[in-house]
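Novice: Quick one, fold the following:
(4 chains)
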2 protein chains.
Amino acid sequence: MIEHTDLSQPIYLRLKDMIRNGELKQGEKIVQEKISELLGVSRTPLMKALLALENEYLVESIPRRGMFVRSLDEKEIFDIYICREAIEGMAARVLAIKKDEAVVKQLKACFMPFSSQSNIDLDAYTRADEHFHSLLIKLTNNAPLDKIYFFSNIHDKVTGHGLVRPPEETLHEHFKIINAIENGNADQAEKYAREHIEKSRILLNK
Amino acid sequence: MIEHTDLSQPIYLRLKDMIRNGELKQGEKIVQEKISELLGVSRTPLMKALLALENEYLVESIPRRGMFVRSLDEKEIFDIYICREAIEGMAARVLAIKKDEAVVKQLKACFMPFSSQSNIDLDAYTRADEHFHSLLIKLTNNAPLDKIYFFSNIHDKVTGHGLVRPPEETLHEHFKIINAIENGNADQAEKYAREHIEKSRILLNK
DNA sequence: AAATTGTGTTTTGTATACAAAACACAATTA
DNA sequence: TAATTGTGTTTTGTATACAAAACACAATTT
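Specialist: Numbers count the residues shown, from 1 in each chain, chains lettered A, B, ... in the order given. A predicted model of the protein is given here:
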């Protein structure tokens, strides 16, 4: 048997990936024995992983019926973006108050490769964008805030792996947020972070 | 055996109560077999309940070591209050935008019994306060927002079941929030909701 | 034909069994 | 005496077993 301290961890990651890449489709029922057989584990650690995914809004449990891959309707996507506006907005505020040079440096590093390019590699920019938004939370060093920010998982599931808006539009917005943080302008940092997400929300919701 | 569809649900509620009322103390290790024997259930549904509590920040798992009742230090309390400011602030904003009479009515109902009293029953006011803050979130009808607002659990654990500030101080603040919502003033509603929590945070953190 | 009932199968929820890791503490060594 | 090793116990993590609920679908009734 393989070495491990906690089998549910790799199962959790694997399932998350399966949901992301479509091996498990939206709304699909997750038959526990099938998956446990597929992954070569028992139902016990699988259950643990599924519960973690349920708490991240990726999976939905209906008692006595089973676990299902969550499928999001328009209202839920709207609501999730509202949450993101609250969380990321606050994160930007916290970072602006911190005024830590190392923080600014890391944030800037995300988009440095694109600032001088005229033709932006979409794939690379998508990864940078994801990284930036996750970093914004992590750098606050606020563990509870990080804990409630699990919607990043859902983010690209919603849009089918792509960006909601083109880099030409968002690159500048990202730098506006970073600059406000650098200048220690908390109100502006929060405002820009929110507007950035709000614009995508409005676009997704019509 | 007792009728049920999901045994982990009552176990979850029982454990939450045990943490609240001190039957399980901060930092205490939760020995699974002990608790499962105490509650007359097996470890399987108990584990399910413990995982739910872990995701609510009430319990902490250290792999291969066990589950422990989470004990919060000053920084964590501070960080949780930052989260509450973000979440409740946004909730107040959403409700203000909604401008739903029924919403305002329910919020007002929380504190109506106290508005004319000169001597406020502390116990009743504490319950009303809890209800108000929970209601603020629920009435947004934003399920993801509700999902990330599990810190209410922790709130009175932190303060040892009491209020951080006296009713004489907070009652007026509550009405300011409600009035802003009633008037559809989103910016003010959010601002007042935040300041209300911020004041307690500052008090707790010195 | 549509609705209902019955029956065998699947799947969940719970209990239990068991190996391996963590722990406690006495015996041993430096 | 302080540190280390060894040994028996406890506890976790995982697998498995089993009852009851959900399901699928054929047979029966209206």
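
Novice: What sits closest to the most centrally placed residue in chain A if chain neighbours are left out?
Specialist: Geometric centre of chain A, nearest residue: A:Ser152, 1.1 Å, by C-alpha atoms, centre = their mean. Using C-beta to C-beta, 6 or more residues apart in numbering or on different chains and skipping residues adjacent in sequence, the residue nearest A:Ser152 is A:Ser134, 5.7 Å away. Backbone N, C-alpha and C define where each C-beta goes, glycine included.

Novice: Output the set of residues of chain A in proximity to DNA strand D.
Specialist: Applying C-beta under 7 Å from any atom of the strand, we find that chain A lies next to DNA strand D at A:4-8, A:41-45, A:48, A:64-65.

Novice: nearest to DNA strand C, of these?
Specialist: DNA strand C has its nearest neighbour among the residues of chain A next to DNA strand D in A:Arg64, at 4.9 Å by C-beta to the nearest atom of the strand.

Novice: per-residue pLDDT, the residue lying closest to the closest one once chain neighbours are set aside?
Specialist: Excluding its sequence neighbours, the residue lying closest to A:Arg64 (C-beta to C-beta, 6+ apart) is B:Thr5, at 5.6 Å. Looking at B:Thr5, its pLDDT stands at 75.

Novice: For chain A, which segments count as strands?
Specialist: Using DSSP state E, the strands found in chain A span residues A:29-30, A:59-62, A:66-69.

Novice: Now rank the residues of chain A next to DNA strand D by neighbours and give me the top one.
Specialist: A:Ser8 (21 neighbours; other C-beta atoms under 10 Å in any protein chain shown).

Novice: Hmm, that residue is touching A:Leu50, no?
Specialist: No. Look at A:Ser8 against A:Leu50 with C-beta atoms under 8 Å: they stay out of range, at 9.1 Å.

Novice: what's the domain layout of chain A?
Specialist: A:8-69, A:74-204 (automatic domain parsing).

Novice: Out of those domains, which is the most enclosed?
Specialist: domain A:74-204 (a mean of 18; mean count of other C-beta atoms under 10 Å in any protein chain shown).

Novice: and it, what's its mean pLDDT?
Specialist: Computed over domain A:74-204, the mean pLDDT rounds to 92.

Novice: got the end-to-end distance for it?
Specialist: Start-to-end span of domain A:74-204 (C-alpha to C-alpha, to the nearest Å) is 8 Å.

Novice: what does stretch A:133-142 give?
Specialist: End-to-end span of stretch A:133-142 (C-alpha to C-alpha): 15 Å.

Novice: and A:Arg20, what pLDDT?
Specialist: So, for A:Arg20, pLDDT stands at 88.

Novice: any idea how far B:Lys25 is from it?
Specialist: As defined by C-beta to C-beta, to the nearest Å, A:Arg20 lies at a distance of 41 Å from B:Lys25.

Novice: same question, A:Ala109
Specialist: On the measure of C-beta to C-beta, A:Ala109 and B:Lys25 end up 45 Å apart.

Novice: same question, A:Lys29
Specialist: According to C-beta to C-beta, A:Lys29 stands 41 Å off from B:Lys25.

Novice: ok, now A:His172?
Specialist: 53 Å.

Novice: just A:Ala49 next, same as before
Specialist: 30 Å.

Novice: now A:Leu24
Specialist: Taken as C-beta to C-beta, the span from A:Leu24 to B:Lys25 is 41 Å.

Novice: export the domains of chain A to a markdown table and tack on distance to DNA strand C?
Specialist: Formatted as a markdown table, the domains of chain A follow (distance: least, C-beta to the nearest atom of the strand, whole Å):
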| stretch | distance to DNA strand C |
| --- | --- |
| domain A:8-69 | 4 |
| domain A:74-204 | 22 |
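
Novice: now those as a markdown table including distance to B:Lys105?
Specialist: Listed next are the domains of chain A as a markdown table, based on distance: least, C-beta to C-beta, whole Å:
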| stretch | distance to B:Lys105 |
| --- | --- |
| domain A:8-69 | 31 |
| domain A:74-204 | 23 |
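
Novice: And the ones you listed: which comes nearest B:Glu74?
Specialist: Minimum separation from B:Glu74 across these (C-beta to C-beta) falls at domain A:74-204, 13.4 Å.

Novice: these two touch, right, A:Asn142 and B:Tyr81?
Specialist: No. Contact criterion C-beta under 8 Å: A:Asn142 and B:Tyr81 do not qualify, at 10.3 Å.

Novice: and the longest helix for chain A?
Specialist: helix A:74-98 (DSSP state H).

Novice: Up against chain B, what does chain A have?
Specialist: Within chain A, the positions near chain B by C-beta under 8 Å from any C-beta of the partner chain are A:5-6, A:44, A:47-48, A:51-52, A:55, A:57, A:63-64, A:76, A:79-80, A:82-83, A:85-87, A:89-90, A:94, A:142-145, A:147-148, A:151.
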